[in-house]
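**Student:** 3D model of this:
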Amino acid sequence: MPYSHKWESTMVIKTFSGHVGGAEFVTSAQEVAAYPDFDSLQFIICDFSACDGHSIDQAALEEIAAIRLGSMWTNPNIRVVVVSSDERFTWLATAAKQPPLTGTQLTVAFATMDEAMEWVRRQPKLGGGHHLRP
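**Tutor:** Next up is the predicted model:
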């Protein structure tokens with residue numbers, strides 16, 4: 001399996017390894033969105049430190065956008081953190097500001113898990129889950 005999920009009270013750490021396929025990346029996002037305690041999540045950490053490449057393409061980004069947009073109806077309070085020093089993965093934070101991901105969760109990138117967790121610790125707690133927008 002090219003990824004694993006570690007669930008904590010207000011975050012999930014998704015650890016990817018080897019080559020990350022677009023389908024695996026999308027499946028991982030689907031699993032998080034379907035998690036029973038999804039509404040209490042504040043952070044999704046995507047750790048690509050152990051990866052040597054990917055095939056995440058535009059089609060995968062479009063599926064991720066649909067998952068993100070749909071899940072924002074029940075939990076608009078999630079921030080996404082990409083962990084990698086490799087530009088082949090940090091571009092995901094930039095891609096989150098462009099179509100088709102425009103307007104979805106704030107996404108930032110850090111070179112190390114320590115830097116990412118320090119940023120997470122400094123973030124304010126956002127409102128609770130179950131925010132159905134009118």
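**Student:** Next up, the contacts around the residue lying closest to Val83 once chain neighbours are set aside.
**Tutor:** What sits nearest to Val83 in space, not counting adjacent residues and going by Cβ to Cβ, 6 or more residues apart in numbering, is Asp47, at 4.4 Å. Quick note: C-beta positions are derived from backbone N, CA and C, even for glycine. For Asp47, the residues meeting the contact criterion (Cβ atoms under 8 Å, 6 or more residues apart in numbering) are 13-16, 83-84, 113.
**Student:** Does Asp47 fall in a helix, a strand, or a coil region?
**Tutor:** Reducing the assignment to helix, strand or coil with DSSP: H, G, I helix; E, B strand; the rest coil, the entry for Asp47 is strand.
**Student:** re earlier: just among the contacts of Asp47, which is most surrounded?
**Tutor:** For the contacts of Asp47, counting by other Cβ atoms under 10 Å, the largest number of neighbours falls to Val83: 25 neighbours.
**Student:** Backbone dihedrals for that one, please?
**Tutor:** Main-chain torsions, Val83, degrees, to the nearest 10: phi -110, psi 110.
**Student:** Okay, and the beta partners of it?
**Tutor:** According to DSSP bridges, Asp47, Phe110 are recorded as the beta-bridge partners of Val83.
**Student:** pLDDT-wise, which helix or strand of the protein ranks last?
**Tutor:** helix 87-95 (a mean of 91; mean pLDDT, DSSP states H and E).
**Student:** for that helix, packing partners?
**Tutor:** strand 43-55, strand 79-83, strand 107-110 (3 or more Cβ pairs under 8 Å, 6 or more residues apart in numbering; DSSP states H and E).
**Student:** okay, the ones you listed, which one's buried deepest?
**Tutor:** With neighbours defined as mean count of other Cβ atoms under 10 Å, the helices and strands packed on helix 87-95 peak in mean count at strand 79-83, which reaches a mean of 22.
**Student:** which helix of the chain spans the most residues?
**Tutor:** Ordering each helix of the chain by length in residues (DSSP state H) puts helix 58-71 first.
**Student:** Need the CA coordinates for it. CSV is fine.
**Tutor:** What follows is helix 58-71 as a C-alpha-only set of coordinates in CSV (Å, rounded to 0.1, in the frame of the first residue of the first chain):
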residue,chain,number,x,y,z
GLN,A,58,-5.2,17.0,-13.9
ALA,A,59,-7.9,14.3,-13.8
ALA,A,60,-6.9,13.4,-10.2
LEU,A,61,-6.9,17.1,-9.2
GLU,A,62,-10.4,17.4,-10.6
GLU,A,63,-11.5,14.5,-8.5
ILE,A,64,-9.8,15.9,-5.4
ALA,A,65,-11.5,19.3,-6.1
ALA,A,66,-14.9,17.5,-6.1
ILE,A,67,-14.2,15.7,-2.8
ARG,A,68,-12.9,19.0,-1.2
LEU,A,69,-15.9,21.0,-2.4
GLY,A,70,-18.4,18.5,-1.2
SER,A,71,-16.8,17.9,2.1
